[in-house]
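[1] need a structure here:
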Amino acid sequence: MRDTIACVSPWLEWVVLLVMIVSVVGLVLPVLPGLLLMWVATLGWVLLDGGGAVRWTAFGIITVLVAVGTAAAYWWSGRRASGAGAPWWVLAVGTLGMIIGFFTIPILGVVIGGIGAIWIAELIRLRDARLAWDTTWAALRGYGIGTGIQMAAGVAVVLVWVTAVWIS
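    Predicted structure coming up:
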């Protein structure tokens, strides 16, 4: 079976590389779920290219990188906002704003929707635009740090995958 799949391998690797590049762009411009897309592409590469110890090991490492990168990014973002005084429900409103923004405003909707929702929720809660902005600014800094964490995880995913391709 490996001989049959070996003909597909170079094409499959080019497709996965393209998905990896698009995913890295998706980490900066929240259009696509970057790390998740990288993980799915790697799983497809392992399954469609015949598996093997190197590929499954790379997939395991990539799974850990994606999980840790995603969890750390969300944790850090929430920590910055809650550290500035935002209660859990304001963060929930911000998450809802991100989801709505994703579907209504191309490319920057996640950021605009999330930050806008946090600012409005804090304005309602605090009744002071300056204090609401302070919390919103902390959330925005947390989002930036979270994006940086996801970018570092994404670059690590690409390096692990390229190394696995080169070795196998």
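[2] distance check, the residue nearest to Ala156 when sequence neighbours are not counted against Phe59.
    Spatially, and ignoring its direct neighbours in sequence, Ala156 is nearest to Leu65 (5.1 Å; Cβ to Cβ, 6 or more residues apart in numbering). The way it works is simple: take the backbone N, C-alpha and C, and place the C-beta from them, glycine included. With the distance defined as Cβ to Cβ, to the nearest Å, Leu65 ends up 11 Å from Phe59.
[3] same check on Pro87?
    39 Å.
[4] so which residues of the chain form strands?
    Counting by DSSP state E, one finds no strands in the chain.
[5] show me which of Pro87 and Phe59 is the more surrounded one.
    More crowded of Pro87 and Phe59, by other Cβ atoms under 10 Å: Phe59, with 20 against 14.
[6] thought that one was touching Leu43?
    Yes - using Cβ atoms under 8 Å, Phe59 is in contact with Leu43, at 6.4 Å.
[7] counting by contacts, list what the biggest helix by length in the chain packs against.
    Taking DSSP state H as the criterion, the chain has its longest helix at helix 129-167. Using 3 or more Cβ pairs under 8 Å, 6 or more residues apart in numbering; DSSP states H and E, the elements in contact with helix 129-167 are helix 9-28, helix 34-48, helix 53-83, helix 88-104, helix 109-126.
[8] export the first one as CSV, just CAs?
    Taking only C-alpha atoms (Å, rounded to 0.1, in the frame of the first residue of the first chain), the coordinates of helix 9-28 have been written out as CSV:
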residue,chain,number,x,y,z
SER,A,9,3.0,12.0,-1.2
PRO,A,10,4.7,14.9,-3.0
TRP,A,11,1.3,16.4,-4.0
LEU,A,12,-0.1,15.8,-0.5
GLU,A,13,2.9,17.5,1.0
TRP,A,14,2.5,20.6,-1.2
VAL,A,15,-1.1,20.8,-0.3
VAL,A,16,-0.3,20.5,3.4
LEU,A,17,2.4,23.1,3.1
LEU,A,18,-0.1,25.5,1.4
VAL,A,19,-2.6,24.9,4.3
MET,A,20,0.2,25.6,6.8
ILE,A,21,1.0,28.9,5.1
VAL,A,22,-2.7,29.9,5.0
SER,A,23,-3.0,28.9,8.6
VAL,A,24,-0.1,31.1,9.7
VAL,A,25,-1.8,34.0,8.0
GLY,A,26,-5.1,33.0,9.8
LEU,A,27,-3.3,33.3,13.1
VAL,A,28,-2.6,37.0,12.5
